[in-house]
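[1] pasting the sequence and the predicted model now:
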Amino acid sequence: MDNQKTEIDAGSSPIQVLLPEQQISPVVFASPHSGIKYPANFVADSPLDLLSLRKSEDAFVNLLFAKAPYYGMPLINALFPRAYVDPNREPFELDPGMFSDPIPEYVNTKSSRVNAGLGTIPKVVSSGQEIYSKKLNFKEAARRIDTNYRPYHRQLRHLLNTTREKFGCYLLIDCHSMPSVGGPDDPDAGLRRADIVLGDCFSTTCNENIIQTIEHVFIKLGYKVSRNKPFAGGFSTHHYGHPKDSRHAIQIEINRGLYMDETKIKQSQSMPALTEDINTLIETLSQFSKDKF
C-alpha cells in the first residue's frame, strides 16, 4: 500500500491549492496539519528523531479529502509540518520561555494552547516531548510565521472570499485527525475516542442544519460521532465561522485508529474504505446550495 513520502526539505511553496475546473458548491476544504516537508536544519537541530516529530501530524488527512476538487470544491493543504509552524493558531501565540530574547507585547503568551506547549511555534509534539534543546530567537519565529503561516491564511482567505462572492456564503471544512485514545494530559485520558468529532465551537460557527447533515452522513455510514468533545474547533473554525454573516466553519476530527498505524505513522488496510466514506461526505457537500445556509 502506498504511503506519503516524508520530505526533509521545505521546498519553494508552503502550501498546495487544488482547484476544481468549476466550483459548484460554496464549500472550501482545508488540511492545515498534514504537511510533511520538514526543513533539514529543523530536523537536525531537534533532539527528537523524525518519527517523533511526526507524532503531531494529522497524517494522510490531505489524502482522505483529496477528491474534493473532483466534486467541484477547492482544497488547500499546508505543506509545512505542524511541529514547525501551526496555522491553526493565532498569528503569534508563543511561549516566552522558548526564546533567548524578549518578545513583543502583542504576542499572546497566556492562551491555554501556549500553556500546553502547543502555540504557533510549538514547544512540544503531541506526545509531550520537547522539540528543542536550546532557545530560539524571536526573529526566527517571525520568519517562520511570515513565510509559512501568513501565506497559508492569505490563500485560505482568498478561497473563502471568492466563494462568498460567487455564492453569497461559504462553508469551511477544517480537516483534522486525532489520536484514537486520549493522552495523559487530555480531559479524556486513556479513553477511546469517537470515530468522528465535529466541532462548531459549541454551536457558534455554523448553522445547525449544516452540521446535522454532516453528522447524519457519518452516522448512516456506521461511525460513532461526537460534537465538540474533546475538540470544539481551533483558531480557523472560530476565526472564519460567523453564521449570521453567511460564513460558516466546521472542524472535522477523524480517529486515526480508523485508517493508520499510529505508532509507525503508516496507512492501514482500512484507509481505502475510509477514503470512500469521506468521498460520500464530499459528494453530499457538493450538493449544498445557498438554501442550505
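    Okay, I see it. Residues are numbered from 1 along each chain as shown.
[2] show me where pLDDT drops low in the stretch 151-293 of the chain?
    290, 292 (pLDDT under 70).
[3] strands of that one, start to end?
    170-178, 196-199, 225-227, 247-255, 260-261, 266-267 (DSSP state E, counting those that start in this stretch).
[4] quick one: strands adjacent to the first one?
    Neighbouring strands of strand 170-178 in its sheet, by DSSP bridges, are strand 27-31 (parallel), strand 247-255 (parallel).
[5] looking at those, which is buried most?
    Of the strands paired with strand 170-178, the one with the most neighbours on average (mean count of other C-beta atoms under 10 Å) is strand 27-31, at a mean of 27. C-beta: built from backbone N, CA, C; applies to glycine.
[6] pull out the buried positions in whatever helix or strand comes next after that strand.
    Downstream of strand 27-31, the first helix or strand assigned by DSSP states H and E is helix 40-45. For helix 40-45, a neighbour-count test (16 or more other C-beta atoms under 10 Å) marks Phe42, Val43 as buried.
[7] which element follows helix 40-45 toward the C-terminus?
    Immediately after helix 40-45, counting by DSSP H and E, sits helix 50-53.
[8] contacts for that following helix?
    6, 8, 38, 43, 46, 81, 83, 125, 127, 129, 131, 264-265 (C-beta atoms under 8 Å, 6 or more residues apart in numbering).
[9] do the same with stretch 117-127
    48, 52-53, 55-56, 82-86, 89-95, 97-98, 111, 113, 116, 128, 130-132, 136, 141, 144-145, 149, 179, 183.
[10] I'd like to know which of the contacts of helix 50-53 are buried.
    Using 16+ other C-beta under 10 Å as the threshold, Thr6, Tyr38, Val43, Ser46, Pro81, Ala83, Val125, Ile131, Ile265 are the buried ones among the contacts of helix 50-53.
[11] surely the second one meets Tyr84?
    Yes - with contact defined as C-beta atoms under 8 Å, Tyr38 counts as touching Tyr84 (7.0 Å).
[12] test my guess that Glu93 contacts Ser111.
    Yes - under the criterion of C-beta under 8 Å, Glu93 makes contact with Ser111 at 5.3 Å.
[13] list the residues that contact Ile15.
    Applying C-beta under 8 Å, 6+ apart, the residues near Ile15 are Ile76, Asn77, Ala78, Leu79, Pro151, Tyr152, Gln155.
[14] quick one: the most centrally placed residue in the chain and Val217, what's the gap?
    With distances taken as C-alpha atoms, centre = their mean, the residue of the chain nearest its centroid is Pro32 (3.7 Å). Separation of Pro32 from Val217 (C-beta to C-beta, to the nearest Å): 22 Å.
[15] other residues contacting the longest helix along the chain?
    The longest helix of the chain (DSSP state H) is helix 150-167. With contact meaning C-beta under 8 Å, 6+ apart, helix 150-167 is reached by 13-15, 17, 23, 25-28, 30, 32, 74, 76, 78, 87, 91, 170, 172, 236, 240, 246-247, 289-290.
[16] ok, stretch 210-219 next?
    171, 195-196, 198, 200, 225, 227, 248, 250, 252, 277, 280-281, 284-285, 288, 292-293.
[17] which of these are buried, as a PyMOL select command?
    Here is the PyMOL selection string for the buried members of those, based on 16+ other C-beta under 10 Å:
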select buried, resi 171+195+196+198+200+225+227+248+250+252+277+281+284+285+288+292+293
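[18] can you give me the end-to-end span of stretch 177-196?
    Using C-alpha to C-alpha, to the nearest Å, one end of stretch 177-196 lies 9 Å from the other.
[19] meant to ask about stretch 166-180, not that
    39 Å.
[20] any buried residues in that stretch, and which?
    Buried-residue list, stretch 166-180, by 16+ other C-beta under 10 Å: Phe167, Cys169, Tyr170, Leu171, Leu172, Ile173, Asp174, Cys175, His176, Ser177, Met178.
[21] now, the contacts of helix 150-167 that are in helices?
    Going by DSSP H, the helices hold Ser236, Tyr240 from these.
[22] excluding its backbone neighbours, what's nearest His33?
    Among residues not flanking His33 along the chain, Asp58 sits closest, at 3.8 Å (C-beta to C-beta, 6 or more residues apart in numbering).
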